[in-house]
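> below: sequence and its predicted model.
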Amino acid sequence: MRQSQFSFIEADLVATPSNELAFAIDSPTAIQPRKKSSLPMPPPSASIVTSDPPVASPLIRQQDYERQKVSSESSLKRIQTETNRHISSLSAIFENQGKAYRQLEQLYNTLRSLELKEDDCLEEEDFVRADAVHADWEKTSKQIHYIETEKLNELNHDFDKSWSSLSKLMRQESEAAAKAAEACVVVKEARERSLEQYVTDTNNLQRQKMKEIMDLRAMIDKEKSENAFDYEMWEKAESEYLEKVDDLVHEEKKDRDSWYNHQQEIESEIEELLRKVNELKQSRDECVEKIKQLDDTIEQAIAVHGPEKETLGYELKLVVKRKADIDARSVQIDEQEGKLQRMQEKHDKDTRRQESEIEALGQKIGESRDRANIGQEDADEIDRIMRNLVSDFEKLVEPKVADLASHQRQSDEQRSKVDRLSAQLVTIKSKLQRLSKDIMIVEAQLPDLEEQKSMAVGGRDFKMAAKMSSKIKNLKGALEQSVVQKGELQQTVSKADLELKDARQTLQDMVRQRKEAERTTGEDILQAIQQCRQNLIIARERLSGNQYRLHSLLSSEITSLENRIKYITTKFDISPDLIGELQRRSSKSSLRSIARSASKDGEQSTATLDELEGLLQQAVDDEDYEQAD
């Protein structure tokens with residue numbers, strides 16, 4: 001048997017199993033173990049960890065950073081919640097103060113109305129109705145006293161406590177926001193380093209895998225070319241073999257074809273000529289025998305080249321098998337390219353997600369730093385307002401309120417004294433009236449008793465006369481004592497009446513002094529409140545847009561002060577003209593403060609002040625107090 005020209009393929013395939021010729025990456029038929037991918041896989045979907053670092057210790061450190069970040073953010077949220085609760089509490093206090101001031105305004109209006117009604121009743125000498133009106137007046141006065149001395153003091157105490165706590169909480173919030181920003185910065189830097197390492201490792205591995213795939217594809221393309229060449233060689237050998245065999249048995253095949261055709265003709269004749277069956281059967285048998293002989297001759301002739309035919313068939317099987325292996329490996333490479341492409345897409349998606357998280361961290365860092373700065377500014381502004389505005393205002397108002405309370409207390413004590421003296425005088429007068437009545441009765445009885453005694457003496461009824469005489473003596477003794485007691489009571493009444501008149505005069509003087517003090521002090525208190533309100537308005541306008549919480553608090557406090565102004569105006573019965581004048585004074589003081597802060601140049605400040613004062617005066621003259629404000 002001759003040597004096959006494809007023997008080198010056969011030798012390779014015999015030495016190496018066909019399953020080892022396939023692409024080894026992720027191939028189920030590969031004998032070589034699949035190389036473990038070193039691609040840094042992205043982490044599970046989470047908002048904290050963005051990628052798995054290559055070593056354990058950086059991962060531990062990054063987890064610590066993440067825990068610190070979560071802890072600082074939780075602490076910040078807790079303090080913010082507590083701060084918002086205090087702000088709500090302060091807003092509620094301002095609202096309750098406003099309600100109390102509005103209620104006091106209504107009560108003082110009611111008190112004024114009751115005083116007028118009581119005066120009308122006294123003029124009409126309707127003392128029963130006057131007593132009922134006075135009872136309502138006392139009830140209203142007690143309500144006013146309770147609100148002014150207890151309710152407002154309690155609200156002021158709650159205000160001082162909450163305001164001080166709010167300043168501390170805002171400073172704590174500022175510190176917590178700064179710590180949260182620092183933690184976010186550390187986490188952001190760690191994530192950026194992790195993302196950079198992840199991208200670097202992924203790109204390196206992708207370049208490595210792509211190079212391997214390109215090398216394998218080049219190798220397969222080369223093998224495809226060689227296999228195509230081998231197949232062409234096989235076709236050429238097959239053609240030569242067929243030509244050789246055809247040349248060797250050409251005549252026999254020609255004779256065989258002729259005999260075969262003749263056999264067909266005979267078959268036709270057999271079918272057509274049944275009558276000649278026997279003859280034709282004999283002829284047919286001869287033909288069959290001859291064909292058999294020729295087939296044997298052909299087989300014997302071809303048998304010489306049998307090994308070559310078998311070799312060609314075997315070589316064809318090898319070529320087909322190798323082509324199938326190459327095609328399978330090509331499919332595997334295509335799958336690997338698709339897998340690499342999907343891996344790249346996933347890598348791009350993870351990278352975009354991590355970049356988005358890092359960008360969000362950057363925004364959070366900026367927000368936390370802004371929150372820290374704003375919290376510090378809010379705390380400083382609260383301390384400044386409490387120190388320079390509210391505290392100074394309270395220090396200015398408290399002595400005046402205490403002075404008014406002292407006048408009120410003295411007036412109340414003197415009124416109680418007048419009431420006590422009035423009650424004593426009424427009691428003494430009632431006793432004197434009863435005694436005078438008794439004296440009149442005794443004096444009326446004596447003439448009758450004298451007449452009865454005379455009649456008894458004339459009738460010689462000395463026993464009855466003695467009885468009447470004894471009774472007359474007793475009545476005269478009692479009458480003398482009653483007359484003496486009446487004189488003493490009359491002196492006591494005169495003395496009590498004089499003391500009551502002095503007490504009433506003293507009360508009138510005290511009331512006049514109190515009203516004068518109320519008028520003067522009320523004006524001072526009202527001006528102080530208006531000045532404090534103006535200062536708070538200026539402080540509110542100075543706030544930045546981010547200080548919305550403090551802006552809301554100041555607005556609530558300003559509203560409370562406006563209600564307090566109405567209450568003070570009603571309580572001290574301050575005229576609208578005086579209110580406008582006080583408004584102008586407080587506005588002028590505020591304008592001076594604005595002008596001084598507007599420029600350090602004295603001339604410019606003076607010009608600005610003069611211009612603003614002119615506008616203010618025009619608004620006051622037009623009674624446009626909102627414009628003046």
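Cool, the structure landed. Numbering: from 1, shown residues only.

> pLDDT weak spots in the stretch 101-250 of the chain?
When residues are selected by pLDDT under 70, those of the stretch 101-250 of the chain lie in 249.

> which parts of it are helices?
127-146, 152-248, 250-272 (DSSP state H, counting those that start in this stretch).

> quick one, the shortest one and helix 152-248 angle?
Going back to what we said before, that points to helix 127-146. Comparing the axes of helix 127-146 and helix 152-248 via axes from the mean of the first three to the mean of the last three C-alpha atoms, to 10 degrees yields an angle of 50 degrees.

> closest one to S416 among the helices of the stretch 101-250 of the chain?
S416 lies closest to helix 127-146 among those, at 12.2 Å (C-beta to C-beta). Placement of C-beta: from N, CA and C, glycine included.

> ok, and for that closest one, which residues are buried?
130, 133-134, 137, 140, 143-144 (16 or more other C-beta atoms under 10 Å).

> check stretch 155-171 too.
By neighbour count with 16+ other C-beta under 10 Å, stretch 155-171 contains the buried residues 155, 158-159, 162-163, 166-167, 169-171.

> figure out how far it is from the centre of its chain.
With C-alpha atoms, centre = their mean, to the nearest Å as the basis, stretch 155-171 stands 21 Å off its chain's centre.

> before we move on, what about stretch 87-104?
24 Å.

> and that stretch, which residues are buried?
87, 89-91, 93-94, 96-98, 100-101, 103-104.

> among the residues you listed, which two are most distant?
Within the buried residues of stretch 87-104, I87 and L104 form the most distant pair, 25.8 Å apart (C-beta to C-beta).

> which elements pack onto the helix or strand containing T311?
Using DSSP states H and E, T311 falls within helix 306-384. Other helices and strands packing on helix 306-384, by 3 or more C-beta pairs under 8 Å, 6 or more residues apart in numbering; DSSP states H and E, are helix 7-15, helix 152-248, helix 548-571.

> so the last one versus helix 152-248, what angle?
What it means is helix 548-571. 160 degrees.

> list the contacts of helix 548-571.
83-84, 87, 90-91, 94-95, 97-98, 101-102, 104-105, 108-109, 378, 381-382, 385, 518, 522, 525-526, 529-530, 532-533, 536-537, 539-540, 543, 574, 579 (C-beta atoms under 8 Å, 6 or more residues apart in numbering).

> picking that back up, now, among the buried residues of helix 127-146, which is nearest to D247?
The closest of those, once distances to D247 are taken by C-beta to C-beta, is Q143, at 139.3 Å.

> can you tell me how far the closest one is from T149?
Separation of Q143 from T149 (C-beta to C-beta, to the nearest Å): 11 Å.

> and what of L550?
Taking C-beta to C-beta as the measure, L550 falls 31 Å from T149.

> cool, and R514?
17 Å.

> the more surrounded of the two?
Per other C-beta atoms under 10 Å, whichever of R514 and T149 has more neighbours is R514, with 18 against 11.

> for that one, give me its contacts.
Taking C-beta under 8 Å, 6+ apart as the criterion, R514 is in contact with 404, 407-408, 410-411.

> SS state for it?
Under DSSP: H, G, I helix; E, B strand; the rest coil, R514 falls in the helix class.

> what does the pLDDT read for it?
Turning to R514, the model gives it a pLDDT of 78.

> now A130, nearest residue through space, not along the chain?
C121 (3.6 Å; C-beta to C-beta, 6 or more residues apart in numbering).

> so how many other residues sit close to the one you found?
C121, neighbours per other C-beta under 10 Å, totals 18.

> that one touches D136, doesn't it?
No. Counting by C-beta atoms under 8 Å, D136 is not a contact partner of C121; they are 11.6 Å apart.

> can you report how many residues neighbour R434?
11.

> how close does it get to E443?
Relative to E443, and taking C-beta to C-beta, R434 is found at 15 Å.

> make JSON lines from the contacts of R514 and add neighbour count to it.
Shown next, in JSON lines, are those (neighbours: other C-beta atoms under 10 Å):
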{"residue": "L404", "neighbour count": "19"}
{"residue": "H407", "neighbour count": "19"}
{"residue": "Q408", "neighbour count": "16"}
{"residue": "Q410", "neighbour count": "15"}
{"residue": "S411", "neighbour count": "18"}
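
> now intersect those with the helices, please.
Among the contacts of R514, the ones falling in helices (DSSP state H) are 404, 407-408, 410-411.

> make a markdown table from those residues and add pLDDT to it.
Below are these laid out as a markdown table (pLDDT from 0 to 100):
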| residue | pLDDT |
| --- | --- |
| L404 | 76 |
| H407 | 77 |
| Q408 | 77 |
| Q410 | 84 |
| S411 | 80 |
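
> quick one: the residues you listed as a markdown table, columns for distance to R369 too.
Converted to a markdown table, the ones in helices among the contacts of R514 look like this (distance: C-beta to C-beta, whole Å):
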| residue | distance to R369 |
| --- | --- |
| L404 | 50 |
| H407 | 55 |
| Q408 | 54 |
| Q410 | 59 |
| S411 | 60 |
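
> closest one of those residues to T297?
Nearest member of these to T297, counting by C-beta to C-beta, is L404, at 151.1 Å.

> which residues are in contact with that closest one?
514, 517-518, 521-522.

> just the buried subset of those residues, written out for ChimeraX, thanks.
Selection command for ChimeraX covering only the buried members of these, criterion 16+ other C-beta under 10 Å:
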select :514,517,518,521,522
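
> quick check: which element contains the residue in the chain sticking out farthest from the centre?
If you look at how far each residue of the chain sits from its centre, by C-alpha atoms, centre = their mean, the farthest one is R460, at 117.9 Å. Under the criterion of DSSP H and E, R460 resides outside all helices and strands.

> how many residues are close by E562?
E562, neighbours per other C-beta under 10 Å, totals 15.

> right, I mislabeled it, should have said A237
That count, for A237 with other C-beta under 10 Å as the rule, works out to 18.

> the contacts of L404 in helices, which ones?
Per DSSP H, the contacts of L404 map to helices at 514, 517-518, 521-522.
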